[in-house]
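In: using only what follows, build the 3D model:
(2 chains)
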Amino acid sequence: MHISEGVLTVPVLLAGAGGAMLGLAVGLRHMDVQEIPRVALLTAAFFVASLVHIPIGPSNAHLVLNGILGILLGWTAFPAIFIGLFFQAVLFQFGGFTTLGINTLNMAVPSVVMGALARPALRSNSGIFSLVMAGIAGAGAIIMSAAMVAGSLSLSGDPFVPVSRLIFAAHIPIAIIEGVLSVLIISFLLKTKPEVIKG
Amino acid sequence: MTCEHFALGESILHSADPRVKLLLAAGYAVVTVGLESLEGQILALLGGLLLVIGAHLSLKEILRRLFVVNLFVLMLWLILPWTTTGSGVVHWGPVVITSEGLNLALSITLKCNTIILANLALLSTSTIFSLTHALAHLRVPSKIVQLIFFSWRYFHVIDSEFHRMNHAIKVRGFKPGSNLHTYRTYAHLIGTLFVKSLERGESVHKAMLCRGFDGTFWLLSHFYLRPSDICLGCLTATYLLLVIGIEWSSPWH
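Out: Sure thing, here's the model as predicted:
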């Protein structure tokens, strides 16, 4: 879910870059240097997972998993997402230098918010409630990201409003799949390595 | 899996100092995004083409990259011309194609492709490791540099782990479809990947502590500005100034 280069107007790009830098600064402050290997390995795992294509009906979608990322990493999701997007920009030319900020912001803010929302429930119990919260976080992060992408397009000019509506609508099935997968992934992690989530 | 298709090569751009290339790529993207005149945008695109020609990259692979990104641009061409208000060029019943809409789509197409070409020529001709080094030399915060470095180092390890498990489920007769079984299988696959990478992260950390890791990222390779790097930097910077000059003197501005 990234906006290509050359589409957004300069004020939107600048605001995105500023917001992303702020988020990165907070994320890095929350991370001790000794945590670098753990965070880096999870970043790599998320980058690999984001290359997986999941069938949805006749089509397929690649995973984003920013809800789970927020649950596992909290504020550190900011640098993790920034690095994922940096790799994509250099390796595949998806997004690029000027959109790195706004794309990071659009994916990382939902990640941090949904992580913060679901973590208390996941820490305090492992029953059905925690799985519901995992699903809400997984689907909610995609919906929120799609809304932010649509918002940044709309802010770049009225002609983009129909495009942004289309993009938002296209993400609803993806959000449902992400929600289902988040429930299944969290329930797997709670069974096999609960300390990952319980901290 | 190797994604650094373009990093191997012997062109001037491949051997150039990655610090210079990073700064030029950033400058090129920033200037291009701000362009409003058609002349400026076309000139910037020409510059991008020149850079890609200078990098001697495989034409087939470049076209493949451009094709993927231009799918999004194509969607804009299908929507923007009739959603933008302005003077109509073509009227089909209630649908009015405006020249403002066509201009907007054209401008996005030019800018998007220009930045991709410049990035291909300037960034993709370096390995991620040398870009990481260059970032460290350009005083990007050490924590970010180390995260990029380690994520890239272990991306390959985790990717091959993933492919091993993917082969294993295929050998056992797994066929993906739109059903809960598929989603559960993928969820367990990804969950296992997370558990394995967290465990590997712990052992990597312990191994680093044994070697005296205290958070410092030691830079072993250093870059030296050569005359050819200064030439490349000055030439590209002059070209960008020319683009800005054309932009300002254009009646569009």
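In: okay, CA-based contacts and neighbour counts for the rest of this
Out: Will do.
In: so how far is B:Thr85 from the residue most central in space within chain A?
Out: In chain A, the C-alpha nearest the mean C-alpha coordinate belongs to A:Asn66, at 2.8 Å (Cα atoms, centre = their mean). Per Cα to Cα, to the nearest Å, A:Asn66 is found 37 Å from B:Thr85.
In: now the residue nearest to the centre of chain A, nearest residue through space, not along the chain?
Out: The shortest distance from A:Asn66 to any non-neighbouring residue, by Cα to Cα, 6 or more residues apart in numbering or on different chains, is to A:Ser111 (5.0 Å).
In: spit out the contact partners of the one you found.
Out: A:66-71, A:74, A:77, A:141 (Cα atoms under 8 Å, 6 or more residues apart in numbering or on different chains).
In: need the residues you listed in CSV (columns: secondary structure, distance to A:Leu22 and pLDDT).
Out: Shown next, in CSV, are those (DSSP: H, G, I helix; E, B strand; the rest coil; distance: Cα to Cα, whole Å; pLDDT from 0 to 100):
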residue, secondary structure, distance to A:Leu22, pLDDT
A:Asn66, helix, 19, 94
A:Gly67, helix, 20, 95
A:Ile68, helix, 22, 95
A:Leu69, helix, 19, 95
A:Gly70, helix, 17, 95
A:Ile71, helix, 20, 95
A:Gly74, helix, 15, 93
A:Ala77, helix, 13, 95
A:Ala141, helix, 20, 97
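In: wait, isn't B:Pro18 in contact with B:Ile128?
Out: No: between B:Pro18 and B:Ile128 there is no contact under Cα atoms under 8 Å: 10.1 Å.
In: more neighbours: which of the two?
Out: Higher neighbour count among B:Pro18 and B:Ile128: B:Pro18, with 25 against 22, using other Cα atoms under 10 Å in any protein chain shown.
In: could you report the distance from the more buried one to chain A?
Out: Here the criterion is Cα to the nearest Cα, to the nearest Å. By it, B:Pro18 lies 13 Å from chain A.
In: so, low pLDDT: which residues of chain A?
Out: A:1, A:126, A:199 (pLDDT under 70).
In: quick one: the strands in it?
Out: Secondary structure of chain A (DSSP state E): strands at A:53-56, A:59-62.
In: any idea which of those is most buried?
Out: strand A:53-56 (a mean of 17; mean count of other Cα atoms under 10 Å in any protein chain shown).
In: given that strand, what are its sheet partners and their directions?
Out: The pairing partners recorded for strand A:53-56 under DSSP bridges are strand A:59-62 (antiparallel).
In: contacts for the strand it pairs with?
Out: A:50-55, A:174.
In: for that strand, C-alpha coordinates in CSV please.
Out: The C-alpha atoms that make up strand A:59-62 are tabulated as CSV, following Å, rounded to 0.1, in the frame of the first residue of the first chain:
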residue,chain,number,x,y,z
SER,A,59,-7.5,-12.7,-7.1
ASN,A,60,-4.8,-12.5,-4.5
ALA,A,61,-3.3,-9.9,-2.3
HIS,A,62,0.1,-9.5,-0.6
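In: biggest helix in chain A by residues?
Out: helix A:161-192 (DSSP state H).
In: how far off centre is that helix?
Out: 10 Å (Cα atoms, centre = their mean, to the nearest Å).
In: can you point out the buried residues in that helix?
Out: Buried positions in helix A:161-192, judged by neighbour count with 16 or more other Cα atoms under 10 Å in any protein chain shown: A:161-165, A:167-168, A:171, A:173-190.
In: for chain B, which segments count as helices?
Out: Using DSSP H, helices in chain B cover B:12-15, B:18-34, B:38-54, B:59-83, B:99-122, B:128-137, B:142-171, B:180-210, B:227-249.
In: deepest of these, which one?
Out: By mean count of other Cα under 10 Å, the helices of chain B have helix B:99-122 as the most buried, with a mean of 23.
In: report whether that one contacts chain A.
Out: Yes: part of helix B:99-122 sits near chain A under the criterion Cα under 8 Å from any Cα of the partner chain, namely B:101, B:108-109, B:111-112, B:115-116, B:119-120.
In: lovely, talk soon.
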